[in-house]
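**Student:** The sequence and its predicted three-dimensional model are supplied below.
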Amino acid sequence: MILQAVNIHKNFGRLEVLKGIDLEVRKGEVIAVTGASGAGKTTLLQILGTLSKPSSGTLKIEGNDVLGLKDDALAAFRGKRIGFVFQAHHLLPEFTAVENVMIPALIAGRGRREAREKAQGLLGILGLADREEHKPSELSGGEQQRVAIARALINDPAVLFADEPTGNLDSVTKQDIHKLFFNLRERTGQTIIIVTHDPELAALCDRTLNIKDGRFI
């Protein structure tokens, strides 16, 4: 298993948001997490992605007990082994597409030439080879999301987490991004966990896990 979560609970004061989540994910799986607003989807994604710690429970990624890592070690692990794609693209406006993709690789200590070559390769896979020198303001919403996906993949993460990745896109562009996730899985074996309200995207996934009242149902 590439990810194992056992009995994950999360409290915010007296409010118990997650009430004992168990999850095992195999390498190469594409999993959808669905549920009503406030059900705990994003809270779970943040915990699985090590952005937040649970109140109790265990989490292993590639066999590593990530909850046992100290802050610096956890940040280093996250930077190298976990990728994130959000509804908002969070691209830096002053940098080109290829520069935006390069940033996590440079932070992880890769040389500039190596980072640029890897970024260019990813943008090529994602159909943006002719757009790499464009800044975000010169790209469509779908193109910006593709750049954000490339950026999330630059360090070859064990797991790619996507939180409502097509929430801001029109229906045609949504379908293109949906296909893209599965093309990535076919080409690279990428493991992907997607929080989504989109039934079309959920239906394409290997498994759909629905959260209600802090538990999978």
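**Tutor:** Alright, I've got the coordinates.

**Student:** Pick out the residue nearest the middle of this protein.
**Tutor:** By Cα atoms, centre = their mean, the chain has its centre lying nearest to residue 161, at 2.1 Å.

**Student:** distance of residue 207 from residue 23?
**Tutor:** 10 Å (Cβ to Cβ, to the nearest Å). Just so you know, the C-beta spots here come from the backbone N, C-alpha and C atoms, and that holds for glycine as well.

**Student:** Please compute how far the biggest helix by length in the chain lies from its chain's middle.
**Tutor:** Scanning the chain for the longest helix, with DSSP state H as the assignment, gives helix 171-188. Centre-to-centre, helix 171-188 and its host chain are 14 Å apart (Cα atoms, centre = their mean, to the nearest Å).

**Student:** Please work out which residues outside that helix touch it.
**Tutor:** If you take Cβ atoms under 8 Å, 6 or more residues apart in numbering as the criterion, helix 171-188 is touched by 28, 30, 125-126, 140-142, 145-146, 149, 153, 160, 162, 165-166, 169, 190, 192, 194, 198, 200-201, 204.

**Student:** wait, what's in contact with the residue lying closest to residue 205 once chain neighbours are set aside?
**Tutor:** The shortest distance from residue 205 to any non-neighbouring residue, by Cβ to Cβ, 6 or more residues apart in numbering, is to residue 32 (4.1 Å). Contact analysis of residue 32 by Cβ under 8 Å, 6+ apart lists 194-196, 201-202, 205, 207-209.

**Student:** Mind pulling the model confidence for residue 32?
**Tutor:** Residue 32 carries a pLDDT score of 95 in this model.

**Student:** now swap in residue 168 and tell me
**Tutor:** Residue 168 carries a pLDDT value of 72.

**Student:** And residue 207, how close does it get to residue 32?
**Tutor:** 7 Å.

**Student:** Not counting its neighbours along the chain, what's nearest residue 28?
**Tutor:** Residue 28's closest residue in space is residue 189 (Cβ to Cβ, 6+ apart), at 4.7 Å.

**Student:** before we move on, back to that, take the contacts of residue 32 and write them to TSV, including distance to residue 90.
**Tutor:** Shown next, in TSV, are the contacts of residue 32 (distance: Cβ to Cβ, whole Å):
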residue	distance to residue 90
194	17
195	16
196	18
201	20
202	24
205	24
207	28
208	26
209	26
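
**Student:** in the worst-scoring helix or strand of the chain on mean pLDDT, what counts as buried?
**Tutor:** Least confident helix or strand, the chain: helix 171-188 with a mean of 84, by mean pLDDT, DSSP states H and E. For helix 171-188, the neighbour count (16 or more other Cβ atoms under 10 Å) marks 173-174, 177-178, 180-181, 184-185 as buried.

**Student:** next one: stretch 129-144
**Tutor:** Neighbour counts using 16+ other Cβ under 10 Å place 131-132, 134, 136, 139, 142-144 of stretch 129-144 among the buried residues.

**Student:** taking the contacts of helix 171-188 one by one, which sit in strands?
**Tutor:** The members of the contacts of helix 171-188 that map onto strands under DSSP state E are 30, 160, 162, 192, 194.
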